[in-house]
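1. The sequence isn't on hand, but the structure is:
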């Protein structure tokens, strides 16, 4: 007898090997009378996870990150009761599966789920442990087949937008300046610090840490615009224009403002992320931008600016705001620790360009304070010009004139 | 006059031809041909010899941009290509099954050239596959002696390619200034 549903529920299966995947697909068609069909993650309405899979915990995190509002049915030998999930004991009974699907369907209908994390769904395909990948026939060709691509990723235009490259002239316009500090005076420059904790930056950093530690998607409420942290995909969603964010970044958060800061579960009623894909930012890109707008040429008080710092890795400059001389600073600092002032001296640039770079790199965790005695003991080597410096400089000119 | 070159390398489909096209002052000479072997799974046409472009400098000097063929069966050409090279731009396709393996292969293959010059790595197709992330690439290399610039790159976007090559130049000499 055919099921009377007009259209079957679309489910995605996780944590199942090839055989289990096929069996479950057949089971839904047969004993469950086609009440649900197995589809790709991107097209699914409901997720079904076998929690006894060896990488179930990892898969669960991925599912919650990518499809946080999609009903999730968990199959397991042991009872697992997680908020927002529907448990079905294994080995599964048809009546239980049908009940779970009914509950999931009701959840879909009543909550009008917005599939906010649909862009992420096919990323799971990249993971070797996911059922999708285990179900793919293994290619024996030397040249591996391309992975399935994320159709929605392209819509995150902010995330993939090419860099803004700032000249010295554009610095004050784009980043802003702090009045009353003469950076040409070393004494004043060395006092030009700020406390990230006192700004929106500090709260966003804290929110990221909490979300990462808890493995949960949470909303930072600031009394301004809601900001959502996606720790698994390292994304931030915020529906705001740059000029608004720049202004807010520079405002010191008062005690009352601090009281308004809170991390909560996502309030779906206020906005629709799917409709505003441009609100997705890579978290590094977002933090970098927030840091330069908070810094305005100052350095964070978490760094002892009189002591050497080191750079762990190059920033991903094509997706960041390239502050004046940032490339040079990175290239120099990647060679070994230096103090900010020695960088400014070596490159013959103003200290605030070094400070703003250190501020931004610091929030990404790619700048560290050198703690080895030797780093303070021995002065860094001089920057030796290459034999072909003139030629390379002309190539640089050509690239900057042509490409930007 | 000396022959100054920047070498673009990477696996099939990583965007070498497009990247050269992005910054070349002349229409690049392409030597694409219909793919007839395993490459055909990824591209209808592929580079079987090399790509060539030019950047003209103000004083009449030219920088030659060479793209290596992506297929391993042409690796005998790579040593010849790198003679006189300023540095290496390695492009990796993030949608391939194992881009780390690709990276390791090319870093090993051009190891001598890189040790004498420098390398900057561009990860393409990140808007189609965001994993591995740029940080994952850095983590992969953390035990090696290399700390190259690794950027997400859309080979069609001139600014992306330009920044990558700039990073290569600054890696060679952080003290560079425009003239």
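-> Okay, I see it. These figures come from a predicted structure and were not determined experimentally.
2. which stretches of chain B have low pLDDT?
-> B:1-2, B:30-50, B:70-76, B:178-179 (pLDDT under 70).
3. where exactly do the strands run in it?
-> Secondary structure of chain B (DSSP state E): strands located at B:4-9, B:32-34, B:45-47, B:51-56, B:62-67, B:85-93, B:119-124, B:149-152.
4. So which of these is nearest residue A:189?
-> When the strands of chain B are compared by C-beta to C-beta, strand B:149-152 sits nearest residue A:189, at 27.8 Å. Every residue, glycine included, has its C-beta placed from N, CA and C.
5. The closest one and chain A, any residue contact?
-> Yes. For strand B:149-152, a contact with chain A is found by C-beta under 8 Å from any C-beta of the partner chain, at B:149, B:150, B:151, B:152.
6. rewinding a little: ok, which of the strands of chain B comes nearest residue A:98?
-> strand B:85-93 (44.5 Å).
7. could you dump the residues of strand B:149-152 next to chain A to TSV with distance to residue A:23?
-> Converted to TSV, the residues of strand B:149-152 next to chain A look like this (distance: C-beta to C-beta, whole Å):
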residue	distance to residue A:23
B:149	49
B:150	43
B:151	45
B:152	40
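8. quick check: domain ranges of chain A?
-> A:9-135, A:157-403 (automatic domain parsing).
9. Make JSON lines from the ones you listed and add mean neighbour count, distance to residue B:101 and mean pLDDT to it.
-> Listed next are those as JSON lines, based on neighbours: other C-beta atoms under 10 Å in any protein chain shown; distance: least, C-beta to C-beta, whole Å; pLDDT from 0 to 100:
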{"stretch": "domain A:9-135", "mean neighbour count": "18", "distance to residue B:101": "13", "mean pLDDT": "73"}
{"stretch": "domain A:157-403", "mean neighbour count": "18", "distance to residue B:101": "20", "mean pLDDT": "85"}
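10. Include distance to residue B:64 when you put these into JSON lines, please.
-> Converted to JSON lines, the domains of chain A look like this (distance: least, C-beta to C-beta, whole Å):
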{"stretch": "domain A:9-135", "distance to residue B:64": "37"}
{"stretch": "domain A:157-403", "distance to residue B:64": "11"}
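11. Which one of the ones you listed lies nearest to chain B?
-> domain A:157-403 (2.9 Å; C-beta to the nearest C-beta).
12. what's the span of stretch A:65-73, first residue to last?
-> 15 Å (C-alpha to C-alpha, to the nearest Å).
13. And stretch A:362-369, by the same measure?
-> 10 Å.
14. quick revisit: name the member of the residues of strand B:149-152 next to chain A with the most neighbours.
-> In terms of neighbours by other C-beta atoms under 10 Å in any protein chain shown, the residues of strand B:149-152 next to chain A top out with residue B:150 at 30 neighbours.
15. I'd say it and residue A:318 touch.
-> No. Contact criterion C-beta atoms under 8 Å: residue B:150 and residue A:318 do not qualify, at 9.9 Å.
16. still on that earlier bit, widest-spaced pair of the residues of strand B:149-152 next to chain A?
-> B:149 and B:152 (11.3 Å).
17. Can you list the residue ranges for strands in the stretch 151-300 of chain A?
-> A:164-165, A:193-194, A:218-221, A:227-230, A:235-237, A:262-264, A:280-282, A:299-300 (DSSP state E, counting those that start in this stretch).
18. Any part of the fifth one near chain B?
-> No. Using C-beta under 8 Å from any C-beta, strand A:235-237 never reaches chain B; the gap is at least 9.2 Å.
19. who are the neighbours of that strand, in terms of helices and strands?
-> Judged by 3 or more C-beta pairs under 8 Å, 6 or more residues apart in numbering or on different chains; DSSP states H and E, strand A:235-237 is in contact with strand A:227-230, strand A:280-282, helix A:283-295.
20. With the last one instead?
-> Judged by 3+ C-beta pairs under 8 Å, 6+ apart, the packing partners of strand A:299-300 are strand A:193-194, helix A:351-363.
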